[in-house]
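Student: The sequence isn't on hand, but the structure is:
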């Protein structure tokens, strides 16, 4: 990239709300580009990650590590949302769109570039939205939040709809029985 293009790229990525990154894996793991959004999203300055490129492997949620490795080797068209640990200890959900560069002779990835977006608020909203599926309610334990909770309200509404449905069926059954008798 020539100097004006490089400056433009730098200005654009520095203002981006999403993390823009490039990691190289060969000959050793190292971060070669990271914009300032990493600080806003994960609490780490780019310099901290340049100094310790293994940091990303330590802050990915252990249950999401395998999926991250799979994404590096074979990126999916659907950007996965993975859990990361913010420097302050909270969990941050990040959706990543990545491109992997592979050595054609060896077949080994040598670099990964991508954009990562914080989707924590969307994930929290999804978890607060009542689901009609019983297995979701059972897994989440939402019914333990007490009589004034949103889940209790949702359950009351579902029961009211079911009661109206059953009342209509009973009325139809009674009217059809009466018609048959006539």
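Tutor: Looks like it arrived, so ask away. Small disclaimer: the values here were computed from a predicted structure and weren't measured. Residues are numbered from 1 along each chain as shown.

Student: Which helix or strand in the protein has the lowest average pLDDT?
Tutor: helix 134-140 (a mean of 46; mean pLDDT, DSSP states H and E).

Student: Over to residue 95: give its phi and psi.
Tutor: Main-chain torsions, residue 95, degrees, to the nearest 10: phi -100, psi 130.

Student: Which residues are in contact with residue 58?
Tutor: Under the criterion of C-beta atoms under 8 Å, 6 or more residues apart in numbering, residue 58 has no contact partners. All C-beta spots, glycine's among them, are computed from the backbone N, C-alpha and C.

Student: Next one: it from residue 96, what distance?
Tutor: Distance from residue 58 to residue 96, counting by C-beta to C-beta, to the nearest Å: 17 Å.

Student: Just the residues contacting the host helix or strand of residue 111, thanks.
Tutor: For residue 111, the host element (DSSP states H and E) is strand 109-118. Strand 109-118 has contacts (C-beta under 8 Å, 6+ apart) with 16-26, 32-33, 41, 72-73, 92-103.

Student: partners of that strand in the sheet?
Tutor: The strands beside strand 109-118 in its sheet (DSSP bridges) come out as strand 19-24 (antiparallel), strand 91-102 (antiparallel).

Student: if you compare the ones you listed, which one is most tucked away?
Tutor: strand 19-24 (a mean of 20; mean count of other C-beta atoms under 10 Å).

Student: just checking, next helix/strand downstream of it?
Tutor: Immediately after strand 19-24, counting by DSSP H and E, sits strand 30-34.

Student: what about the helices in this structure?
Tutor: Taking DSSP state H as the test, the helices found in the chain are 3-15, 37-42, 46-51, 55-59, 65-73, 120-128, 134-140, 150-181.

Student: In terms of mean pLDDT, which of these ranks lowest?
Tutor: Least confident of the helices of the chain, judged by mean pLDDT, is helix 134-140 with a mean of 46.

Student: Of all the strands paired with strand 109-118, which one comes closest to residue 68?
Tutor: Nearest to residue 68 among those is strand 91-102 (8.3 Å), distances taken as C-beta to C-beta.

Student: tell me the mean pLDDT over the closest one?
Tutor: Per-residue scores along strand 91-102 average to 94.

Student: Next, the angle helix 120-128 makes with it.
Tutor: Relative orientation of strand 91-102 versus helix 120-128 (axes from the mean of the first three to the mean of the last three C-alpha atoms, to 10 degrees): 120 degrees.
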